[in-house]
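Colleague: From the sequence below, what's the structure:
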Amino acid sequence: MKPKVLVLRAVGTNCDAETAYAFELVGGQTTVLHVNRLRENPQVLRDHQVLAIPGGFSYGDDVASGRIFANELMTRLRDELLGFVDRGGFAIGICNGFQVLVKTGLLPDGARGKGTDQTATLTDNTSGVYRDCWVRCQGDPTVCKWVPDTAEVELPVAHAEGRFVAPADTIARLEAAGQVAVRYSSGTNPNGSTADIAGVCDPTGRVFGLMPHPERFLRWENHPRWTREERRSEGDGVRFFRTALSHFI
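Modeller: Got it, this is the predicted structure:
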């Protein structure tokens, strides 16, 4: 059977269709669901193996990026979310979804912190401007079950609050535990993120968040230099979705 993926959207989410397609491309069966429908029937989450919170501007990024969506999840769906992770579920938050997962406390500490303590954040880019560009980054598959290898990839970013920051002892702990899942390659950090961190995972490696958009680079034609370089069979973003679903297929 195909792994079932729940793509959870809210007002302002705008990458749900691309995220759903990315999972379908590698063998997943996706359902796009508004958070209000999940609140009405939280047990829907129990029928899925993967949860995805896509990018966009949930609730207009009022207060702070991802804050309202995160508060909604942890006040209305906290037990179901923690139970989903405890049962072995996989979760990914991309860009605004990463901001949501960090502000719920599910990243970087996950169920260990019971989703109540926020130990890191994603805040304003040091440039003070919205960055929309392509970056190079490298993954660390030591812990994260979404990262296939250490090969450098190119992915697009589009954010104004993408700078990952945390106390020095938290950063040291994440690095020692192998939870820094993706880093910007030297010279391509678009936001001033501490230690060039582009993505982190929880201690299980199953909950993953990243600022670059893998769902926006699924075909070689998505790349800005696709007419000037040798054609590739697929975009670099596919590898993250395929790697996660390989644990179920």
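Colleague: what is residue 133 paired to in the beta sheet?
Modeller: Beta bridges link residue 133 to residue 157 when assigned by DSSP bridges.
Colleague: So it sits against residue 191, correct?
Modeller: No. Here residue 133 does not reach residue 191: they are 10.5 Å apart, not a contact under Cβ atoms under 8 Å. C-betas here are computed from N, CA, C, even on glycine.
Colleague: of the two, who's got more company?
Modeller: residue 191 (24 against 10; other Cβ atoms under 10 Å).
Colleague: re earlier: now do the shared contacts for residue 133 and residue 191.
Modeller: Residues touching both residue 133 and residue 191 (Cβ atoms under 8 Å, 6 or more residues apart in numbering) are residue 157.
Colleague: And the pLDDT for the nearest residue to residue 248 once chain neighbours are set aside?
Modeller: Once flanking residues are discounted, residue 248 sits nearest to residue 3: 3.9 Å by Cβ to Cβ, 6 or more residues apart in numbering. With respect to pLDDT, residue 3 has a value of 97.
Colleague: residues in contact with residue 3?
Modeller: The contact partners of residue 3, by Cβ under 8 Å, 6+ apart, come to 27-29, 49-50, 245, 248-249.
Colleague: Helix, strand or coil: sort out the spatially closest residue to residue 188 that is not a sequence neighbour for me.
Modeller: Spatial nearest neighbour of residue 188, chain neighbours left out: residue 135 (4.3 Å); criterion: Cβ to Cβ, 6+ apart. Each residue gets one of three states, and residue 135 gets strand by DSSP: H, G, I helix; E, B strand; the rest coil.
Colleague: distance of residue 135 from residue 195?
Modeller: 15 Å (Cβ to Cβ, to the nearest Å).
Colleague: more neighbours, these two?
Modeller: Neighbour tally, residue 135 and residue 195, criterion other Cβ under 10 Å: the higher count belongs to residue 135, 20 against 17.
Colleague: Verify the stated contact: the more buried one with residue 190.
Modeller: Yes. Assessed by Cβ under 8 Å, residue 135 is found in contact with residue 190 at 5.6 Å.
Colleague: coming back round to it: which members of the contacts of residue 3 are positioned in helices?
Modeller: Among the contacts of residue 3, DSSP state H puts residue 245 in helices.
Colleague: Could you pick out the buried ones from the contacts of residue 3?
Modeller: Among the contacts of residue 3, those scoring as buried are 28, 49-50, 245, 248 (criterion: 16 or more other Cβ atoms under 10 Å).
Colleague: Which single one of those residues is nearest to residue 206?
Modeller: Minimum distance to residue 206 across the buried ones among the contacts of residue 3 is 9.3 Å, recorded for residue 50 (Cβ to Cβ).
Colleague: Show me the shaky parts of this protein.
Modeller: Along the chain, the parts satisfying pLDDT under 70 run over 111-116.
Colleague: Spell out the residue ranges of the helices in the protein.
Modeller: 16-25, 35-40, 67-76, 78-86, 96-104, 168-176, 238-245.
Colleague: Could you take those helices and lay them out as JSON lines, with extra columns for distance to residue 208?
Modeller: JSON lines is the format used below for the helices of the chain (distance: least, Cβ to Cβ, whole Å):
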{"stretch": "helix 16-25", "distance to residue 208": "13"}
{"stretch": "helix 35-40", "distance to residue 208": "20"}
{"stretch": "helix 67-76", "distance to residue 208": "16"}
{"stretch": "helix 78-86", "distance to residue 208": "12"}
{"stretch": "helix 96-104", "distance to residue 208": "9"}
{"stretch": "helix 168-176", "distance to residue 208": "13"}
{"stretch": "helix 238-245", "distance to residue 208": "8"}
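Colleague: Buried deepest among those helices, which one?
Modeller: Of all the helices of the chain, helix 96-104 has the most neighbours on average by mean count of other Cβ atoms under 10 Å, namely a mean of 29.
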